[in-house]
Structures are given as structure tokens and as C-alpha cells.
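Engineer: Quick one: sequence plus predicted model below, questions after.
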Amino acid sequence: LLPEFVIQTIIMKIIVIPGMGCSPVATSNWYSWFKNEMDSRSSSTQCILRDFPDPNICRESIWVPFIKDEIGLDEDTIIVGHSSGAACAMRLLESSDVPKIRGAVLVATAHTDLGSASERRSEYFNRPWNWDLMKDGARKIVCFHGEDDHLIPVSEARFVAEKLKGENFQYVEMSG
């Protein structure tokens, strides 16, 4: 008989953290397509696509505990945050009570509230970012942004990329 630790399969959990107003999540943006792609690649991958509480304000005080306590994070987790969900992912990365995760993907991220009252209400932008803690929060961080994004200027992602650059960071800027 093999020891239990040899039999156990490590499940890599991928959590999609949606953007503001993306509810139901399964019919918003590219989220279902992404989940299907990730789930089809390996039987040891579990992509979690759930409706989040408070979907229209996305408050950090609600979303971060929801992710930590309801969904769960461990060293084999990858978080994929889009728009406001990317801001949530960045706050998770700098959190001292979250284990260092496998990876983070930031899609259309911002470091400011963009002058938007609704983004200000989300609570992510009410204090400075701790870029050093953020860099240490995951083994790999990738940021994707479209140069022609009409909601979040590419300058936002470029700023984040400059702050996070290092061995475990990659920035991909896409056209079109």
C-alpha cells in the first residue's frame, strides 16, 4: 500500500474574481469561456466561477473575507482578477493573513479609483498599495491589459507593471 501523501492529487484551484456589476458571473464577459478552458486542460484543475456578494459595489470588506473564508486560498491557488476583481486580487496579494499563492493574473487592472465614485465605494483605493508585499504574495504574477481599453486606461496597468516588475512578474499589453 502506498502512503496517503503519495495517493493524494494536488488540485490547483483557479478563482475568477469578476469585475464590478458582473452578475450573474457565468454570463458575464469571458468568464465561462475561461472556466471551460481551464477545466478542460487537466483533471487536477478546478476553476471556481461563483457569483460574489455585493456585485455592484464589490466592497473589499465583503469580497476579501468571502474569498478567504468561503472559497479558500492555499499555496496551490491561482487568482484571476478582472477590473475591480483585479484590485481585489492585489489586496489579497498584500494581505499578511493569506498564504503565498501559486499565481495571480490581473486583467485590466487599475491602481486608482479613476475618479469614479463607485470605485471609491469599493474600498480598494482608500489607502496606498504595498507593492513589496504584493510581489511576495504569489510565486508568479501576470498582468494583461488592452491598449485600447475604454474603461481602464492602459496607463493604469503600465503603472502597476512598473511597480511589480521583477523575476516573478510579467506584463502583456495587447492591441485590438
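Structural biologist: It's in.

Engineer: the helices in this protein, which residues?
Structural biologist: Ranges of helices within the chain are 4-7, 31-41, 60-65, 84-93, 117-121, 131-136, 154-164, based on DSSP state H.

Engineer: Quickly compare the ones you listed and say which is most buried.
Structural biologist: Highest mean neighbour count among the helices of the chain (mean count of other CB atoms under 10 Å): helix 84-93, with a mean of 27. C-beta: built from backbone N, CA, C; applies to glycine.

Engineer: I14: which of the helices of the chain is closest?
Structural biologist: Closest to I14 of the helices of the chain is helix 31-41 (CB to CB; 5.3 Å).

Engineer: picking that back up, want to try JSON lines for the helices of the chain, with distance to A104 and mean pLDDT as columns?
Structural biologist: Formatted as JSON lines, those follow (distance: least, CB to CB, whole Å; pLDDT from 0 to 100):
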{"stretch": "helix 4-7", "distance to A104": "27", "mean pLDDT": "52"}
{"stretch": "helix 31-41", "distance to A104": "15", "mean pLDDT": "94"}
{"stretch": "helix 60-65", "distance to A104": "14", "mean pLDDT": "98"}
{"stretch": "helix 84-93", "distance to A104": "5", "mean pLDDT": "98"}
{"stretch": "helix 117-121", "distance to A104": "20", "mean pLDDT": "94"}
{"stretch": "helix 131-136", "distance to A104": "9", "mean pLDDT": "97"}
{"stretch": "helix 154-164", "distance to A104": "10", "mean pLDDT": "97"}
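
Engineer: For V172, find the nearest of the ones you listed.
Structural biologist: helix 154-164 (9.3 Å).

Engineer: Cheers, nothing more for now.
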